[in-house]
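>>> sequence plus predicted model, see below.
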Amino acid sequence: MSRIGKRAVEVPAGVTAEIQGRELIVKGPKGTLSMQLIEDIDYRVGEGEILVKPVNDTKRARAFWGMQRTFVANLVEGVSQGFTVVLEITGVGYRAQMQGDKLKLNLGYSHDVDYNPPEGVEIKTPDNTTIEISGIDKQKVGQVAAEIRQWRKPEPYKGKGIRYRGEYIFRKEGKKK
């Protein structure tokens, strides 16, 4: 049995959930999200909670059970609180700034890197070395953070690059004489 799947997803006040056909629609103060429902899982919207159960005891239904419950929980949390990922830039001359709706990154290349965020994702730069990515869709926020980090991953010798806040970079020892 799935330990995650057994727990019901609590729906806070101000958030409504409904099933229309094979789609779950969740509305809250931050916006509206929806997801396609798979046929191996049974979804039930009750008073203040959403239950996710497998329809039968097949391997596929049991495999999808916990994942689908997590997707439903992410929808509820996204429309009620939202998600935020913070990136930190380390390195001499590396910096980021917002210019209109574009993120401009100076990462030691011969040119600046311009990044246009997708719809539904907001990027802020409180200072030159911090990037805050926020939105209601957890997958989109994480994908944008991964795409920005991809331009200059942290390297193990000096630790220069773009890292997630709180990420530990295993440092290597340099050359010995």
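Structure received. Numbers count the residues shown, from 1 in each chain.

>>> so Glu122, which state does it fall into?
Put simply, Glu122 is strand when judged by DSSP: H, G, I helix; E, B strand; the rest coil.

>>> contacts only, for the residue nearest to it when sequence neighbours are not counted.
Nearest non-adjacent residue to Glu122, counting by CB to CB, 6 or more residues apart in numbering: Ser134, 5.2 Å away. Backbone N, C-alpha and C define where each C-beta goes, glycine included. Shown in contact with Ser134 (CB atoms under 8 Å, 6 or more residues apart in numbering): Gly82, Phe83, Thr84, Val85, Val121, Glu122, Ile123, Lys124, Val141.

>>> which of those count as buried?
Neighbour counting over the contacts of Ser134 (16 or more other CB atoms under 10 Å) leaves Gly82, Phe83, Val85, Val121, Ile123, Val141 as the buried ones.

>>> for Gly66, state which of the residues you listed is nearest.
Phe83 (19.7 Å; CB to CB).

>>> measure that closest one to Asn128 for me?
Distance, Phe83 to Asn128, by CB to CB, to the nearest Å: 24 Å.

>>> list of residues touching the longest helix seen in the chain?
Ranked by residue count and defined by DSSP state H, the top helix of the chain is helix 59-80. The contact list for helix 59-80 (CB under 8 Å, 6+ apart) reads 2-5, 7, 9-12, 14-15, 17, 24, 26-35, 37-38, 40-41, 43, 50, 52-55, 83, 135-139.

>>> what subset of those is buried?
The neighbour count (16+ other CB under 10 Å) marks 2, 5, 9, 11, 15, 17, 24, 26, 28, 30, 33, 35, 37, 40-41, 43, 50, 52, 54, 83, 135-138 as buried among these.
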